[in-house]
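> what would the 3D arrangement of this be:
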Amino acid sequence: MEFINITPRAYQQAIFETAKERNSLVVLPTGMGKTLIALMLATYRLEKFPESKILFLAPTRPLAEQHLEYFKKHLPELYADMTLFTGKVQAEKREKLWVESSIIFSTPQCIAHDIKAERFDLHDVSLLIEDECHRCLKNYDYTLVVKKYKEQAEHPRILGLTASPGSKSEIINTICKNLGIEAIEIRHRNSEDVKPYIQELKQELINVELPEEFKKIRELLKEIYDKRVEELKNRNLFFKNTITKISLLELQGSLQRKISSGNKHFNFLRGVSVCAQAIKIGHAIELLETQSIGVLHNYIQNLFEQAKQGQSKAVQQLVNNKNFQEAYIKLLELSKLGIEHPKLSKLSEVIEREFKENKKSKIIVFSQYRDTAARICKLLNDLGKSANLNIKAKVFIGQLKKGDTGLSQKEQQAVLADFRVGLANILCATSIGEEGLDIPEVNTVIFYEPIPSAIRQIQRRGRTARLMSGKLIILMTKKTLDEAYYWAAFHKERKMYGVLDNLQKDFNDKNEEKKQKKLGEF
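Numbering: from 1, shown residues only. Down below sits the predicted model:
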């Protein structure tokens, strides 16, 4: 099959050859052409089974739409009837479109809903593609669709695509089991058959010191935090040696389930309150260490507002705590003096340097929180004016949430369109900029803070150094959560590739055994 304006690379061809024969998990960093492999396999299956359908699932509607546009762009105009399924299309119309279409692009939620309602089945689907398939866990709709597909399809073939399936072997094994995987194809920047196609990636780790004034606030908050954790242990509710946000959230969920089921013992009721306070104080410490004074101030102001409205006894107890109030006074003093987190001034220096080196720079600054993204965007636009630089920064965040700011899907697309044509040249993005979306390649990716997830680190990094050389710059506050998160992601990524290599070998050995067994039968 000849595609329009695109030629498969050697590693894409090699992966395709595997995916033709076996249900495959393909692990490729962002920007290295997973969608072309899906296109190659889709056309192969349609030519092998002309009366069949292809079902291409993606976790969000914009991403499903993006895949549809990619197929339209690279396939001959009348090659196949392609359609996009969304919840906005009436159910009766979707039922009709299913019959008429050869390639369907959809979110898993939409297909799962229609399968449950028995509007159609998956008997005629000769290829199921699941993009961002690291989500194929637990009760996620991806899992339901693939389960029904394996039960119903006459000629089943499954292709799972991801930049990273995670670092835990049990999770990767579960994804493989759910998808019915028979082969794994892994590539990364250092793979021999990938190196000819990628550009140099320079990496820079910039360390900053936490100011003494910040440390004094941290000490006050940490004393509250330690006392709350100690109380949970004394009440025999918390037994883990390592205290993390996740372990506290798990404990909170466990206690709430016990209370909901009717066990309203005082120890559980008090435990929920203490746990909530520990989580909130832990979050405040994280904002202080890794974000900015302004973002922490907004968070604490919100806690005071919750207490004033009587929304939570835990919050009321927290804001009345002597240490908490003293920490807040010190925070206000820093705000009045205009003292901010040193990362912000360091970020300004980096951006100024990048634009002086290259006036046409395109940059993504990733941050964990929406408030931080907004703060960074204003800082950089102000920098552009004061330093007379061509800086046009825009916020790129997820959809509107209850009680929070956000962008609609239409607004997100408008920001990306501006970025493509140069009306914006810096995206101040949260996690929405990590997964899947067709964001133009950038010169530089900046992490405002390290993140502990290997999946997200790989996705962020993949936004640069594809067609041109690029830079990855990470800002890290020494002796804080930043440092812990940086090394957590580093070790998780190494572990992930080790687990995948072992799994790949196991699958290869099993496939070779099957091959030898078949040969022995003749």
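
> what is the mean pLDDT for the lengthiest helix in the chain?
Of all the segments of type helix in the chain, defined by DSSP state H, the longest one is helix 481-521. Per-residue pLDDT over helix 481-521 has a mean of 86.

> domain ranges for this protein?
10-191, 199-208+342-483, 212-337 (automatic domain parsing).

> out of these, which comes closest to residue 516?
With C-beta to C-beta as the criterion, residue 516 lies closest to domain 10-191 of those, at 15.9 Å. For every residue, glycine as well, the C-beta is placed using N, CA and C.

> just the terminal-to-terminal distance for that closest one.
Start and end residues of domain 10-191 are separated by 12 Å (C-alpha to C-alpha, to the nearest Å).

> begin at 48 from here
Okay, residue one is now 48; in that scheme the one you just asked about reads as domain 57-238.

> need the contact list for residue 140.
Contact analysis of residue 140 by C-beta atoms under 8 Å, 6 or more residues apart in numbering lists nothing.

> in the chain, where is pLDDT below threshold?
The model of the chain has pLDDT under 70 over residues 186, 447-451, 482-484, 565-569.

> and the strands in it?
For the chain, applying DSSP state E gives strands covering 71-74, 100-104, 129-132, 150-153, 172-178, 205-209, 230-233, 248-255, 410-413, 440-443, 473-476, 491-494, 517-524.

> contact partners of the fourth one?
Contacts of strand 150-153 with the rest of the structure, by C-beta under 8 Å, 6+ apart, involve 89, 93, 100-105, 111-112, 114-115, 118, 127-133, 144-145.

> any idea which of the strands of the chain is most buried?
strand 473-476 (a mean of 28; mean count of other C-beta atoms under 10 Å).

> helices or strands up against that strand?
strand 410-413, helix 417-433, strand 440-443 (3 or more C-beta pairs under 8 Å, 6 or more residues apart in numbering; DSSP states H and E).

> ok, the residue lying closest to residue 182 once chain neighbours are set aside to residue 286 distance?
Using C-beta to C-beta, 6 or more residues apart in numbering and skipping the chain neighbours, the partner closest in space to residue 182 is residue 189 (5.5 Å). Spatial separation of residue 189 from residue 286 under the definition C-beta to C-beta, to the nearest Å is 34 Å.

> go on, residue 491?
45 Å.

> same question, residue 191
35 Å.

> burial measure for the residue nearest to residue 182, as a count.
Here the count is done by other C-beta atoms under 10 Å, and residue 189 has 29 residues near it.

> cool, and residue 118?
Counted with other C-beta under 10 Å, residues neighbouring residue 118 total 21.

> show me the contacts for it.
By C-beta under 8 Å, 6+ apart, the neighbours of residue 118 are 86, 89, 103, 129, 150, 152.

> neighbours of the closest residue in space to residue 467 that isn't next to it in sequence, how many?
Ranked by C-beta to C-beta, 6+ apart and with sequence neighbours excluded, the top spatial neighbour of residue 467 is residue 487, at 5.3 Å. By other C-beta under 10 Å, 13 other residues sit near residue 487.

> any idea how far residue 341 is from residue 444?
Taking C-beta to C-beta, one finds residue 341 at 17 Å from residue 444.

> between the two, tell me which one has more neighbours.
Higher neighbour count among residue 341 and residue 444: residue 444, with 26 against 19, using other C-beta under 10 Å.

> hmm, that one is touching residue 420, no?
Yes - if you go by C-beta atoms under 8 Å, residue 444 and residue 420 touch, sitting 5.8 Å apart.
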